[in-house]
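In: no sequence on hand, only this structure:
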Ligand code: KIV
Ligand code: ZN
């Protein structure tokens with residue numbers, strides 16, 4: 001049986017980035033090939049394990065983009081998506097084969113809803129197609145991933161049979177997508193656990209998870225999958241993707257980094273200090289802005305607004321911060337000054353600006369600051385400087 005290019009050691013989770021494929025399926029996001037190459041270079045710098053570069057059969061432009069990325073990018077595995085047809089698989093192989101680490105990713109839906117509506121076939125026919133097309137892909141490429149689309153709504157015993165068959169046919173990674181973001185973390189974790197326990201040849205492949213965010217559960221479901229044995233996780237930068245998006249890479253990776261004891265040392269090899277620049281690049285090129293309160297990389301993720309929080313942070317940053325901003329590539333946390341700011345934060349900012357005063361003067365200054373903050377809502381350094389000048393005794 002072909003060996004995976006990436007046999008994950010037990011305590012490492014492989015990061016499979018699909019920003020350029022599922023991420024680009026976000027409504028309104030269309031990237032030019034040159035932009036995709038820029039993002040692929042950045043993903044390699046981030047040190048992801050696999051880049052899903054596109055869907056080569058879908059258009060000549062996508063084929064060319066996947067081929068360019070496969071030719072240039074070294075380090076990560078370069079993968080292309082294909083339906084379970086020989087034409088799709090041939091196109092993917094032609095696009096990725098120039099890579100030092102090519103992967104063919106082929107998929108077919110396994111839930112009864114999809115089988116009935118899209119294929120009008122029986123379960124056995126679907127199983128046969130999956131097995132035959134994985135064998136076909138494996139005759140070309142040693143690294144083959146199979147995805148059971150809508151696995152989250154697939155009858156588990158049928159799913160086990162499909163997984164066993166595709167592993168026998170040569171799949172080195174089997175991906176379990178929650179395609180419509182329907183499952184709940186405990187339930188999705190149970191599904192992965194069932195696969196680990198019930199599929200006899202499961203140890204011959206890496207089990208992967210791919211979660212969508214329709215109920216806001218994509219990160220939690222991915223982590224539940226990891227806790228139950230998945231060792232590859234599919235995700236995108238900023239969580240972009242079909243409908244409500246895919247699981248956000250930065251959230252999954254930072255959860256593992258911030259809570260090593262909870263996750264029993266399961267880790268990734270992502271260079272997290274590149275997250276912020278990667279997030280900015282993806283947002284700029286896709287024209288999909290990031291909400292300010294987005295976990296990890298949102299503009300407010302390291303901004304402490306209220307007086308009580310600012311005071312606590314200044315006394316000990318771990319009162320209100322569970323990770324350091326430097327870990328994601330941000331220079332420092334922010335204490336924005338506004339109506340809810342306290343004296344400690346104002347004083348700390350004045351010190352940083354080199355403006356010192358007696359305690360009595362500080363009491364005056366703080367009153368004036370509060371009046372200004374009520375009007376302006378956000379008080380900038382230049383406002384503090386001009387207030388300071390106004391309150392100086394005239395010579
Ligand atoms: O969500 C999904 O099921 C997919 C597959 C093609 C992996 O994106
Ligand atoms: Zn998807």
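Out: The structure has been received and is ready for your questions. Note that the coordinates shown come from a computational prediction; the quantities given were computed from them, not determined experimentally. Ligands and ions are numbered 1, 2, ... in the order given.
In: per-residue pLDDT, the residue most central in space within the chain?
Out: Among the residues of the chain, the one closest to the centroid is residue 249, at 1.7 Å (C-alpha atoms, centre = their mean). On pLDDT, residue 249 comes in at 98.
In: check the one 10 residues further on too.
Out: The per-residue pLDDT reported for residue 259 equals 98.
In: how far away is it from ligand 1?
Out: To ligand 1, residue 259 is 26 Å away according to C-beta to the nearest ligand atom, to the nearest Å. Bear in mind the C-beta positions are built from the backbone N, C-alpha and C, glycine included.
In: give me the neighbour count for that residue.
Out: When neighbours are defined as other C-beta atoms under 10 Å, residue 259 has 13 of them.
In: tell me the phi and psi of it?
Out: Note on residue 259: backbone dihedrals following degrees, to the nearest 10 are phi -120, psi 60.
In: could you check how far it is from residue 343?
Out: 34 Å (C-beta to C-beta, to the nearest Å).
In: and the longest helix seen in the chain, what does it pack against?
Out: Determined from DSSP state H, the single longest helix within the chain is helix 359-376. Using 3 or more C-beta pairs under 8 Å, 6 or more residues apart in numbering; DSSP states H and E as the contact test, the elements touching helix 359-376 are helix 343-352, helix 381-391.
In: now do the first one: which elements does it pack against?
Out: With contacts defined as 3+ C-beta pairs under 8 Å, 6+ apart, the packing partners of helix 343-352 are helix 307-315, helix 359-376, helix 381-391.
In: how many degrees apart are the second one and helix 343-352 in direction?
Out: It stands for helix 359-376. Relative orientation of helix 359-376 and helix 343-352, computed by axes from the mean of the first three to the mean of the last three C-alpha atoms, to 10 degrees: 100 degrees.
In: centre of the chain to helix 359-376, how far?
Out: Once both centres are worked out by C-alpha atoms, centre = their mean, to the nearest Å, helix 359-376 turns out to sit 43 Å from its chain's centre.
In: residues of it that come out buried?
Out: 362, 365, 369, 372-373 (16 or more other C-beta atoms under 10 Å).
In: I'd like the average pLDDT over that helix.
Out: The average pLDDT within helix 359-376 is 94.
In: okay, the residue of the stretch 251-395 of the chain found nearest ligand 1 and residue 244: tell me how far apart.
Out: Using C-beta to the nearest ligand atom, the closest approach of the stretch 251-395 of the chain to ligand 1 is made by residue 252 at 15.9 Å. For residue 252, the distance to residue 244 equals 16 Å [C-beta to C-beta].
In: which one's more surrounded, the two?
Out: The neighbour comparison of residue 252 against residue 244 (other C-beta under 10 Å) goes to residue 252, with 28 against 15.
In: residue contacts, the more buried one?
Out: 15, 219, 222-223, 226, 233, 235 (C-beta atoms under 8 Å, 6 or more residues apart in numbering).
In: quick one: which of the residues you listed is nearest to ligand 1?
Out: Closest to ligand 1 out of the contacts of residue 252 is residue 235 (11.4 Å), distances taken as C-beta to the nearest ligand atom.
In: could you check the pLDDT of the closest one?
Out: pLDDT for residue 235: 98.
In: just checking, residue 98 touches residue 67?
Out: Yes - using C-beta atoms under 8 Å, residue 98 is in contact with residue 67, at 6.6 Å.
In: these two - which one has more neighbours?
Out: Set residue 98 next to residue 67 and count neighbours by other C-beta under 10 Å: residue 67 wins out with 22 against 15.
In: ok so that one is a strand residue?
Out: No - secondary structure of residue 67 (DSSP: H, G, I helix; E, B strand; the rest coil): helix, not part of a strand.
In: follow-up on the earlier one: let's see which of the contacts of residue 252 end up in helices.
Out: Those of these lying in helices (DSSP H): 219, 222-223, 226.
In: any chance of these in CSV, with distance to residue 36 too?
Out: Converted to CSV, the ones in helices among the contacts of residue 252 look like this (distance: C-beta to C-beta, whole Å):
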residue, distance to residue 36
219, 25
222, 24
223, 28
226, 28
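In: who in the stretch 101-250 of the chain is up against ligand 1?
Out: Proximity of the stretch 101-250 of the chain to ligand 1 (C-beta under 6 Å from any ligand atom) is limited to residues 107, 147, 149, 175, 177, 179, 210, 212.
In: buried subset of those?
Out: 107, 147, 149, 175, 177, 179, 210, 212.
In: so which of those residues belong to strands?
Out: 107, 147, 149, 175, 177, 210 (DSSP state E).
In: how about the first one: what's its closest non-neighbour residue?
Out: It refers to residue 107. residue 147 (3.7 Å; C-beta to C-beta, 6 or more residues apart in numbering).
In: show the contacting residues for the closest residue to residue 344 other than its chain neighbours.
Out: Distances taken as C-beta to C-beta, 6+ apart put residue 311 closest to residue 344, at 4.3 Å, once the chain neighbours are dropped. With contact taken as C-beta under 8 Å, 6+ apart, residue 311 is in contact with 342, 344-345.
In: same for ligand 1: which of these are within range?
Out: Among those, not one lies near ligand 1 by C-beta under 6 Å from any ligand atom.
In: nearest to residue 164, out of those: which one, please.
Out: Of all the contacts of residue 311, residue 164 sits closest to residue 345, with 59.6 Å by C-beta to C-beta.
In: apart from its neighbours in sequence, what residue is nearest residue 106?
Out: Nearest residue to residue 106, sequence neighbours excluded (C-beta to C-beta, 6+ apart): residue 82, at 4.9 Å.
In: and the one you found, what pLDDT?
Out: What the model reports as pLDDT for residue 82 is 98.
In: the one 3 residues further on too?
Out: Confidence per residue is given as pLDDT, and for residue 85 that number is 98.
In: now swap in residue 25 and tell me
Out: 88.
In: what's the answer for residue 9, then?
Out: Looking at residue 9, its pLDDT is 62.
In: how many neighbours does residue 103 have?
Out: Residue 103, neighbours per other C-beta under 10 Å, totals 29.
In: who does it bridge with?
Out: residue 79 (DSSP bridges).
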